[in-house]
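# Pasted the sequence and its predicted model underneath.
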Amino acid sequence: MKTNFKDDKNEITKIDSSNEKKDLSPEEFEKFIIDSGGKGSFMVYRSTKKDDELGIDEL
Amino acid sequence: MSVHTTDSNLQHSIENIMKNLHNESYDDWVTNFALNLSDIWNEKSAICLKPNINPENQSEIHSSIVIGRGPSLKKNKHLEMLANSDYNGSIVCSDGALIPVLESGITPDKFKKFYVATIDPYPYAKKFYDAEIVKKYGPKINGIFTSIVNPDTVNCARDAGINIHWIHSLFDYAEGKKSFNQISASMVRAKNHIDGLPGLQTGGNVGTSSWFISWKILQCNIVSLIGINHSWDEDDSIEKIITHGRTTDPERKHESVNIDKTSPSFKKLFKKIYNPEFDCNCIIDPLFQFYSSALKEFISRSPSWLKTINATEGGVIFGDKIHCMTFKDFLHEYNQ
């Protein structure tokens, strides 16, 4: 079993900010979160008022 | 359907998954808030940290360095470089980096504008403040905490002498008057804080939160990032990567992991990414995809007067409106 990713020289994914999640399904993501026990995070706030997503000065 | 639209939909789906997973802890957040409320009433809003300056005035540099705890910190000796510099801007330290930052000589004795932030509502964050060196420098450190942070965490920081400042972390504000964000805000405004507290977009992690703090609260027009890789190095162990670093956490390394390294989805989950700005490869796991997509989106939506400089010298934070340079060049060019 390989111990890291260093030898995978032919498997580089060249990305820009718009295509990095290509091929990753929501189901795979959820399974990873559960299986890896990923903690130490929080959620991203979303709103139809897009300016609010950048923060509210006085709440 | 375009690739961009597909990816936007996927990001939306992933964010909903994270929202649902975190909402399982909703009761704990309410409990945390209830236990924090009397302290919130008696302590300061983070708005007190907002300077009376105009960040849009480009003739004046107001800079900050956001310090995460990515592998580049050690690899590139960034803490040593900063400790030995005469940088005079703000330092916004993620809670997980606080102890190594102080131990490296980056202290509020030398760097007067020193801040630390905690946004995670989970109890494990207490350990980031539970050290003698934090007690030594705590009274000279300004801490920024969300109203739902675990009380044991903020109590530990308070006992260390850190000056506590409060914010709300936005998560359900858009759901109206009966949302927890709005109800808890009303309760906070009921005593002393008549103008409430700042509501912060966290981006799902303290590094992104620290970038928002630099912009929205500290009013910086230059924000530099170090230790914000949002990825692993390709020579990190595969066990470390698939557990999102849990193998290095003494409190959690015993927890079992159930990821099939031979499954077809494995290589889609853990992609090797080439960063052309720093000419390096890194490995991105799904959680880092979630974090990095959000941070890059928010940077792309930031105002033109705000310049974000990634001086991490690694990782996956590159793209629209992100200026990449070495940390050495940043310290040379933007020291005040």
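Ah, there it is. Numbers count the residues shown, from 1 in each chain, chains lettered A, B, ... in the order given.

# hey, let's count contacts and neighbours off CA atoms from now on
Will do.

# List the first helix or strand encountered after the lowest-mean-pLDDT helix or strand in chain A toward the C-terminus.
Taking mean pLDDT, DSSP states H and E as the measure, the helix or strand of chain A with the lowest value is strand A:12-13, at a mean of 58. As assigned by DSSP states H and E, the chain's next helix or strand after strand A:12-13 is helix A:26-36.

# Pull out the buried positions in that following helix.
A:26, A:28-30, A:32-33, A:35-36 (16 or more other CA atoms under 10 Å in any protein chain shown).

# Then stretch B:121-140?
Judged by neighbour count using 16+ other CA under 10 Å, the buried positions of stretch B:121-140 are B:121-122, B:125-126, B:128-130, B:133-135, B:137-140.

# Equivalent analysis for stretch B:302-316, please.
Residues of stretch B:302-316 classed as buried: B:302, B:306-316 (neighbour count, 16+ other CA under 10 Å).

# Go ahead and report the secondary structure state at the closest residue to residue B:118 other than its chain neighbours.
Nearest non-adjacent residue to residue B:118, counting by CA to CA, 6 or more residues apart in numbering or on different chains: residue B:145, 5.1 Å away. Three-state call for residue B:145 (DSSP: H, G, I helix; E, B strand; the rest coil): strand.

# how long is stretch B:213-223 end to end?
Stretch B:213-223 has its terminal residues 10 Å apart, counting by CA to CA, to the nearest Å.

# Residue of the stretch 201-336 of chain B closest to chain A, please.
Among residues of the stretch 201-336 of chain B, the one nearest chain A by CA to the nearest CA turns out to be residue B:204. It sits 4.1 Å away.

# Show me where the chain dips below the pLDDT cut-off.
Reading this off chain A. Counting by pLDDT under 70, chain A contains low-confidence residues at A:1-24, A:37-40.

# You answered for a different chain; I wanted chain B.
Within chain B, the stretches falling below the threshold (pLDDT under 70) are B:1-7, B:247-258, B:336.

# Which parts of it are strands?
For chain B, applying DSSP state E gives strands covering B:44-45, B:63-67, B:90-94, B:114-118, B:142-146, B:163-169, B:199-200, B:222-226, B:232-233, B:271-275, B:280-284, B:307-310, B:322-324.

# For the stretch 101-250 of chain B, what lies in contact range of chain A?
Contact residues, the stretch 101-250 of chain B versus chain A (CA under 8 Å from any CA of the partner chain): B:119-120, B:122, B:168, B:170-172, B:174, B:182, B:185, B:195-206, B:216, B:234-239, B:242-244.

# How about the contacts made by residue B:46?
Applying CA atoms under 8 Å, 6 or more residues apart in numbering or on different chains to residue B:46 gives the contacts B:144, B:165-167, B:197-198, B:217.

# Oops, could you answer that again for residue A:28 instead?
Shown here is residue A:28, whose contacts under the criterion CA under 8 Å, 6+ apart are B:265, B:269.

# Report the separation between it and residue A:45.
When CA to CA is the yardstick, residue A:28 and residue A:45 sit 22 Å from each other.

# Just the closest of the buried residues of stretch B:302-316 to residue B:73, please.
Distance to residue B:73 across these (CA to CA) is lowest for residue B:312, with 7.5 Å.

# Hmm, residue B:229 and the closest one touching each other?
Yes - A contact is recorded between residue B:312 and residue B:229 when judged using CA atoms under 8 Å, the distance being 6.6 Å.

# between these two, what contacts are shared?
Listed contacts common to residue B:312 and residue B:229 are residue B:72; contacts here mean CA under 8 Å, 6+ apart.

# could you pull out the helices for the stretch 51-200 of chain B?
If DSSP state H, counting those that start in this stretch is used as the criterion, the helices of the stretch 51-200 of chain B fall at B:72-75, B:78-83, B:98-103, B:132-137, B:151-159, B:180-189.

# what's the most buried one of these?
For the helices of the stretch 51-200 of chain B, the stretch with the most neighbours on average is helix B:151-159, a mean of 20; neighbours defined as mean count of other CA atoms under 10 Å in any protein chain shown.

# Quick one: list the elements packing against that one.
For helix B:151-159, the packing partners by 3 or more CA pairs under 8 Å, 6 or more residues apart in numbering or on different chains; DSSP states H and E come out as helix B:26-42, strand B:163-169.

# how about the first one: buried residues?
Taking 16+ other CA under 10 Å as the neighbour-count basis, helix B:26-42 is seen to contain the buried residues B:28-30, B:32-37, B:39-41.

# who's in contact with that helix?
With contacts defined as CA under 8 Å, 6+ apart, helix B:26-42 is touched by B:121, B:147-151, B:166, B:184, B:188, B:191-193.

# what does stretch B:298-305 give?
A:54, B:55-56, B:58, B:221, B:308, B:320-322.

# Need the distance between the two termini of that stretch.
Distance across stretch B:298-305, first residue to last, is 14 Å (CA to CA).

# How about stretch B:115-132?
Distance across stretch B:115-132, first residue to last, is 18 Å (CA to CA).

# Out of the contacts of helix B:26-42, the closest to residue B:15 would be?
Proximity to residue B:15 was ranked across the contacts of helix B:26-42 by CA to CA; first place goes to residue B:121, at 17.9 Å.

# Just confirm the closest one contacts residue B:145, I think it does.
No - using CA under 8 Å, residue B:121 is not in contact with residue B:145, being 9.6 Å away.
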